[in-house]
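S.K.: okay, sequence plus prediction incoming.
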Amino acid sequence: MENVLLVVSGPSGVGKGTIVKELLKKREDVALSISCTTRAPRVGEVHGREYYFLSKEDFFKRIEEKDFLEYDEHFGNFYGTPKSFVKERLKEKSVVLEIDVVGGLNAKKEIPETVLVMVVPPSGEELKRRLKGRGTESDGDIENRLARLEYELAQAEKYDYTVVNDTVENAVLAIEKIIEKEKSKRK
Ligand code: ADP
Ligand code: 5GP
């Protein structure tokens, strides 16, 4: 199959959401997999757009039904990738999963052709600025997310590609190149 299943990971606040949104605007041949989560929606988030917001009960039911390609717990909430959704979308388009490193590696175990892309910030200081600037988490939540930074970055070596999010435009171009390269390998 020529379409690419692409995992985009990286520390919280690095710009994954921003980059993926721009990529989807530019490319009609790329779709986003929408994850399920038990976290509460942030202001402006819409059910079925950013995430499917589920109760814990519904989430656990789906685990039992083996409906997740992978799932994990972060900051006390559960997040999972719906398997049937991804497989259906892949028939028509390349699919992006915006998930953490553990999830990415688990997805690759399940579907070995998965391409893993790590987005890194230009610096730790810049990441902190972006997290604060986004203004959606409390100081405690920001510290939690920064504490995970070293761990996330250390996992980059298990990934297929690293993309520095210096500017959104450059990062999007880098991801487009990765998709083209992976597609040409599969022809
Ligand atoms: P993530 O999805 O990785 O948690 P977001 O996409 O929400 O991160 O980005 C975090 C913040 O950083 C947002 O306020 C976003 O506008 C900003 N941001 C993203 N990419 C860049 C960039 N290249 N330069 C400056 N700010 C950025
Ligand atoms: P946030 O609450 O900031 O939206 O996401 C918190 C973390 O959950 C991020 O690291 C994000 O990549 C991860 N995440 C989002 N969706 C999924 C998913 O479907 N599976 C896994 N394993 N992690 C996810």
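M.R.: Everything's here; your move. Ligands and ions are numbered 1, 2, ... in the order given.
S.K.: any idea which helix or strand comes after the helix or strand bottoming out on mean pLDDT in the chain?
M.R.: The helix or strand of the chain with the poorest confidence is helix 149-154; it has a mean of 81 (mean pLDDT, DSSP states H and E). Elements were assigned by DSSP states H and E; along the chain past helix 149-154, the next helix or strand is strand 161-164.
S.K.: buried sites along the least confident helix or strand of the chain?
M.R.: Taking 16 or more other CB atoms under 10 Å as the basis for neighbour counts, the residues of helix 149-154 that come out buried are 149, 152-153. Every residue, glycine included, has its C-beta placed from N, CA and C.
S.K.: count the neighbours of the closest residue in space to N77 that isn't next to it in sequence for me.
M.R.: Closest residue to N77 apart from its sequence neighbours, by CB to CB, 6 or more residues apart in numbering: R39 at 3.9 Å. Around R39 sit 15 other residues, with neighbours defined as other CB atoms under 10 Å.
S.K.: so what's R39 up against?
M.R.: For R39, the set of contacting residues under the criterion of CB atoms under 8 Å, 6 or more residues apart in numbering consists of 51, 53, 75, 77, 79.
S.K.: try G133
M.R.: Counted by CB under 8 Å, 6+ apart, G133 has zero contacts.
S.K.: in what helix or strand does S184 lie?
M.R.: With DSSP H and E as the criterion, S184 is inside helix 168-185.
S.K.: mind pulling up the pLDDT for the residue most central in space within the chain?
M.R.: With distances taken as CA atoms, centre = their mean, E98 lies nearest the centre of the chain, 1.2 Å away. According to the prediction, E98 has pLDDT 92.
S.K.: rewinding a little: so the residue nearest to N77 sits in a strand?
M.R.: No: according to DSSP: H, G, I helix; E, B strand; the rest coil, the state of R39 is coil, so it is not within a strand.
S.K.: separation between it and K185?
M.R.: Between R39 and K185 the distance, using CB to CB, to the nearest Å, works out to 36 Å.
S.K.: ok, back up a step: hmm, the least confident helix or strand of the chain touching ligand 2?
M.R.: No: Helix 149-154 is not in contact with ligand 2 by CB under 6 Å from any ligand atom; minimum separation 7.8 Å.
S.K.: can I get that helix in CSV, CA atoms only?
M.R.: The C-alpha trace of helix 149-154 is given here as CSV (Å, rounded to 0.1, in the frame of the first residue of the first chain):
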residue,chain,number,x,y,z
LEU,A,149,10.8,16.4,28.0
GLU,A,150,14.1,14.6,28.6
TYR,A,151,12.4,11.3,28.4
GLU,A,152,10.6,12.1,25.2
LEU,A,153,13.8,13.5,23.5
ALA,A,154,15.8,10.4,24.6
